[in-house]
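The following comprises the amino acid sequence and a computationally predicted model.
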Amino acid sequence: MSGGLIALLDDVAALARAAAASADDVAAGAAKTSAKAAGVVIDDAAVAPQFVQGVQPARELPIIGRIATGSIINKLLIILPLALLLSQFVPWLLTPLLMIGGTYLCYEGAEKVWEMVRGEHHEAVEATAGDPRDAERRLVRSAVLTDFILSTEIMVISLSDVIDRPLMDRTLILVVVALAMTAGVYGVVGLIVKMDDVGLALSRRGGPLTGAGRLLVAGMPRLLTAIGFVGTFAMLWVGGHIMVTGVDALGWHGPHHLIAVAAEALHPIALAGPALAWLAETLCSLVVGLAWGLVVFGAVRALARLRR
């Protein structure tokens, strides 16, 4: 009897160790795939604060909460099931889909660079026009639609990195990525949009923190501009990397080979070699992304002129 109990305890311990190892594996996989999608996440964090510009301060966090809820629904209830079905039955389709998403990122990044160079900009829609509740619903709907596009990229990039894992591991990793990305992006966005309010409150209280409060108020526009700038180049970098690896997977190895040769040439440099190799790969991907994005951007503008 005692021998049977000991054997049972050994089995339970083995199962516990296996579960712990599986959890560690899922956590490691989620961390790795999250790093791959970092460029899209930066762009997501750069875009989201724009949706609460012109909104009453008391409604900023509730609106961000509604957008975050929509983002979770996008990722877990729509994108995740479709992505898992594709990965299970037609995995070859993921590379073309990823390249379509990469093309979108290149196009968006190139459009923003074009606007920077030409000094153009889109006029913001006044969020408080008309019925406030109706305006808020439209604003949230627009933000959730934009989030859907970016979330699709995040999930497909993440899935492409775990395509060879068992279905259960794939599912768990993508769920962890979806929850972590959403919490991270909209948590940071919430902090960003309320930071000027915190600075204003500190500056009005007086005392030793007055200077810090004024610095926050004055620095927030610059911070948002910097985030948007970084987000633009992150889009081009990620989009270009997706296109290079995509055409390599489809049989055109030239671009990927040239970038790999350039990176390998820098590796032997003492101390700074790995960092320089990564920088070379990143810059090459960025250039590819910008070039492809400008081609697509030019084609879209030409088609728009023909339609007019």
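Done, it's in.

I'd guessed Gly109 sits against Met235; true?
Yes: in this structure, Gly109 is within contact of Met235 by C-beta atoms under 8 Å, at 3.9 Å. Just so you know, the C-beta spots here come from the backbone N, C-alpha and C atoms, and that holds for glycine as well.

which residues are common contacts for these two?
Common contacts of Gly109 and Met235 (C-beta atoms under 8 Å, 6 or more residues apart in numbering): Gly289.

the more surrounded of these two?
Met235 (33 against 29; other C-beta atoms under 10 Å).

Please identify the helix or strand for that one.
Met235 belongs to helix 210-249 when assigned by DSSP states H and E.

Name the next helix or strand downstream of that helix, please.
Taking DSSP H and E, what comes next after helix 210-249 is helix 254-266.

ok, the nearest residue to Ala262 once chain neighbours are set aside - contacts?
Distances taken as C-beta to C-beta, 6 or more residues apart in numbering place Ala280 nearest to Ala262, at 5.1 Å, with adjacent residues excluded. Taking C-beta under 8 Å, 6+ apart, we find Ala280 in contact with 259, 262-263, 266.

Which ChimeraX command selects the buried ones in those?
This is how ChimeraX selects the buried members of those, with burial counted by 16 or more other C-beta atoms under 10 Å:
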select :259,263,266
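
Count the neighbours of the residue lying closest to Gly246 once chain neighbours are set aside for me.
Computed as C-beta to C-beta, 6+ apart, the closest residue to Gly246 that is not its neighbour in sequence is Met99, at 4.0 Å. By other C-beta under 10 Å, the residues close to Met99 number 18.

which other helices and strands contact the one helix or strand Met99 maps to?
Using DSSP H and E, the element containing Met99 is helix 94-118. Contacts defined by 3 or more C-beta pairs under 8 Å, 6 or more residues apart in numbering; DSSP states H and E place helix 94-118 against helix 38-47, helix 80-89, helix 132-161, helix 210-249, helix 273-307.

before we move on, back to that, now do the helix holding Met235: which elements does it pack against?
Short answer (3+ C-beta pairs under 8 Å, 6+ apart): helix 210-249 packs on helix 38-47, helix 94-118, helix 132-161, helix 167-205, helix 254-266, helix 273-307.

Switch the contacts of Ala280 over to a markdown table; also include pLDDT.
Output for these, formatted as a markdown table (pLDDT from 0 to 100):
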| residue | pLDDT |
| --- | --- |
| Ile259 | 89 |
| Ala262 | 84 |
| Ala263 | 84 |
| Leu266 | 82 |
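
For Val238, give its distance to Ile173.
19 Å (C-beta to C-beta, to the nearest Å).

which one of those two has more residues nearby?
Val238 (29 against 25).

shouldn't the more buried one be in contact with Gly101?
No: using C-beta under 8 Å, Val238 is not in contact with Gly101; the gap is 9.5 Å.

Could you give me the buried positions within the helix holding Met99?
Here helix 94-118 shows 94-95, 97-99, 101-113 as buried, counting by 16+ other C-beta under 10 Å.

show me what contacts Glu111?
By C-beta under 8 Å, 6+ apart, the neighbours of Glu111 are 293, 297.

what about it, distance to Met235?
10 Å.

Sweet, I'm off.
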